[in-house]
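>>> build me a structure from this.
(chains A, B, C and D)
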There are 2 protein chains.
Amino acid sequence: MATQRMHTEARREQIARAALDLLISRGIEEFNITDLGESVGLVPSAIYRHFRGKEEVLNAALDVFRDKLFGLVEVARDEADNPLETLEVLLSHHAKLIAKGKFMPHVMLSSDMASDQTSRRAKILRILAGYLRKIEAIVREGQKEGVIRQDADPQTIALLFIGMIQPAALLRHAEGVNLDISAHVARVWKLFNKAIASE
Amino acid sequence: MATQRMHTEARREQIARAALDLLISRGIEEFNITDLGESVGLVPSAIYRHFRGKEEVLNAALDVFRDKLFGLVEVARDEADNPLETLEVLLSHHAKLIAKGKFMPHVMLSSDMASDQTSRRAKILRILAGYLRKIEAIVREGQKEGVIRQDADPQTIALLFIGMIQPAALLRHAEGVNLDISAHVARVWKLFNKAIASE
DNA sequence: TTATCTTGTGAATAGTTATTCACTTGGAGG
DNA sequence: CCTCCAAGTGAATAACTATTCACAAGATAA
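Alright, predicted model coming up:
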């Protein structure tokens, strides 16, 4: 046996993380159990000691993704003093992760990950909807505190917030597009701020 | 022979359009030659009379997509009187297509479509970058005419423009998210306008 | 130490799908 | 009307990949 044994709980965790990494770096089309096994030093069949099958692995990877994503929000809340600043911090944390290639765009951007026939689509949408609601909540706090304009719909603002980063993440490596994510985020934040801040 | 014969040119066209439809409705993961053939009333092997293989079909589908996407810009230019209005019209046309399920999000949103190992990734990014540049050009015209603020970077504005619609397209059918795309677009346009219009 | 449970292995299986090929046949042009 | 090419067919092939299973070997507890 070439590989160290691990308790199934730790192994599941490791596999789920590795799966997410593979999804992020290569996308669902090329995701397969053989490569996943290899990435954690296991033979393909060993994966089945810890998961019922591929769908369950993907499911677990999405859980890891959700935790990472929601975790970002908590960190931003901790670091900021008011809701508007929370959004700004959250945006810049996203930017850093994307710049490091450690995050989206594949999973978060991806509706392809969401095959209609499985429950994956529903799960991804649930995660993203949850994220949206968290941002909406921050917006509402900002409106209550008077730092965000009250005549705008929180959902609309939250969607635009996500829109500040999504296209940039996707296009950052396109030919002829020279895009430093952090610099972009700083610029687009100024526009966003102008749109939503109270006068 | 169950199926009407067609000249290869017309058939190629038909197949490419059908391929795009399948990509939009089901995503790359479930895209296969058998279903594609069926959708145009052909046996799988018949596809190979008109294309060298799957990649060439996908390539042709992307061409169709590009033409549709770029076509939208031309239509918007025709219908509008000034650059700011062009953007508004373009946004509402996107919204209509998305509402009809006739367009994204799969292809446009999708970096999964873009496997690293083929040239697909590069092609998609090229198309999206081309679209971005067209929007940038409209923005520049608006700045020249004085309807768009001059102290903002056109690329940043263009990316935010795309960001107005992308997340909404993805999330419109998530549980607990009730989202009428056209209404969303009307609301978000007001914010965007506030951010970019000259005072 | 020994019995037992769990994790890992490698070979086998089965289903899917892209692709090829020998063939048929519709139809356009002589 | 005949010929011939292009378009369509269906069967065969060849990967690839998910999944199963019998077996091997750490680990743990008695």
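
>>> can you tell if the helix or strand containing A:Glu13 touches DNA strand D?
According to DSSP states H and E, A:Glu13 maps onto helix A:8-26. No: Helix A:8-26 does not reach DNA strand D (Cβ under 7 Å from any atom of the strand); its nearest approach is 10.7 Å. To be clear about C-beta, it is placed using only N, CA and C from the backbone, and glycine gets the same treatment.

>>> how far is that helix from where the chain is centred?
Distance of helix A:8-26 from its chain centroid, counting by Cα atoms, centre = their mean, to the nearest Å, is 15 Å.

>>> ok, stretch A:38-56 next?
That offset, for stretch A:38-56, works out to 24 Å (Cα atoms, centre = their mean).

>>> identify the residues contacting that stretch?
A:2-4, A:8, A:11-12, A:14-15, A:18, A:21-22, A:33-34, A:36-37, A:57, A:60, A:118, A:120 (Cβ atoms under 8 Å, 6 or more residues apart in numbering or on different chains).

>>> ok, 10 Å please
Contacts to stretch A:38-56, defined as Cβ atoms under 10 Å, 6 or more residues apart in numbering or on different chains, come from residues A:1-4, A:6, A:8-19, A:21-22, A:31-37, A:57-60, A:115, A:118-120.

>>> report the mean confidence score over that stretch.
Averaging pLDDT along stretch A:38-56 yields 97.

>>> ok, that stretch near DNA strand C or not?
Yes: looking at stretch A:38-56 against DNA strand C by Cβ under 7 Å from any atom of the strand, the contacts come from A:41-46, A:49-50.

>>> which of these are buried?
Among those, those buried by neighbour count (16 or more other Cβ atoms under 10 Å in any protein chain shown) are A:42, A:50.

>>> spell out which parts of chain A neighbour DNA strand D.
Going by Cβ under 7 Å from any atom of the strand, the residues of chain A near DNA strand D are A:1, A:4-5, A:30-34, A:44-45, A:48, A:53-55.

>>> if you set the cut-off to 6 Å instead, what comes out?
A:1, A:5, A:32-34, A:44-45, A:48, A:53-54 (Cβ under 6 Å from any atom of the strand).

>>> of these - the most surrounded one?
A:Ile33 (18 neighbours; other Cβ atoms under 10 Å in any protein chain shown).

>>> does that residue touch A:Val57 like I think?
Yes: in this structure, A:Ile33 is within contact of A:Val57 by Cβ atoms under 10 Å, at 7.6 Å.

>>> common neighbours of the two, please.
Joint contacts of A:Ile33 and A:Val57 (Cβ under 10 Å, 6+ apart) are A:19, A:47-48, A:51.

>>> ok, then the element right after the lowest-mean-pLDDT helix or strand in chain A?
Lowest by mean pLDDT, DSSP states H and E among the helices and strands of chain A is helix A:106-109, with a mean of 52. Of the helices and strands lying after helix A:106-109 in sequence (DSSP H and E), the nearest is helix A:120-145.

>>> ok, is that following helix in contact with chain B or not?
Yes: against chain B, helix A:120-145 shows contacts by Cβ under 10 Å from any Cβ of the partner chain at A:120-122, A:124-133.

>>> which single residue of chain A ends up nearest chain B?
Closest contact between chain A and chain B, by Cβ to the nearest Cβ, is at A:Gly163 (2.5 Å).

>>> so how many other residues sit close to that residue?
With other Cβ under 10 Å as criterion, A:Gly163 counts 24.

>>> could you do A:Leu97 as well?
17.

>>> and it, how far from DNA strand C?
To DNA strand C, A:Leu97 is 29 Å away according to Cβ to the nearest atom of the strand, to the nearest Å.

>>> what's the answer for A:Gly37, then?
Applying Cβ to the nearest atom of the strand, the value for A:Gly37 to DNA strand C is 7 Å.

>>> alpha carbons of the helix or strand harbouring that residue, as PDB, please.
Using DSSP H and E, the element containing A:Gly37 is helix A:33-39. Output in PDB follows, covering the C-alpha atoms of helix A:33-39 (Å, rounded to 0.1, in the frame of the first residue of the first chain):
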ATOM      1  CA  ILE A  33     -12.800  10.100 -10.100                       C
ATOM      2  CA  THR A  34      -9.500   8.800 -11.400                       C
ATOM      3  CA  ASP A  35      -7.900  12.300 -11.300                       C
ATOM      4  CA  LEU A  36      -9.600  13.000  -8.000                       C
ATOM      5  CA  GLY A  37      -8.100   9.900  -6.500                       C
ATOM      6  CA  GLU A  38      -4.700  10.700  -7.900                       C
ATOM      7  CA  SER A  39      -4.800  14.200  -6.400                       C
END
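
>>> in PDB, list the C-alpha atoms belonging to the helix or strand that that helix is followed by.
Per DSSP H and E, helix A:33-39 leads on to helix A:44-47 as the next helix or strand towards the C-terminus. The C-alpha trace of helix A:44-47 is given here as PDB (Å, rounded to 0.1, in the frame of the first residue of the first chain):
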ATOM      1  CA  PRO A  44     -10.000   5.400  -7.900                       C
ATOM      2  CA  SER A  45     -11.900   2.700  -6.100                       C
ATOM      3  CA  ALA A  46     -10.700   4.000  -2.700                       C
ATOM      4  CA  ILE A  47     -12.900   7.000  -3.200                       C
END
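
>>> quick check: what element follows helix A:44-47 along the chain?
helix A:54-79.

>>> what's the helix or strand that that following helix is followed by packed up against?
Reading on from helix A:54-79 to the C-terminus, the next helix or strand found by DSSP H and E is helix A:83-99. In terms of contacts (3 or more Cβ pairs under 10 Å, 6 or more residues apart in numbering or on different chains; DSSP states H and E), helix A:83-99 is packed against helix A:54-79, helix A:120-145, helix A:154-171, helix A:181-196.

>>> out of these, which one sits most buried?
Counting by mean count of other Cβ atoms under 10 Å in any protein chain shown, helix A:154-171 has the highest mean neighbour count of the helices and strands packed on helix A:83-99, with a mean of 24.
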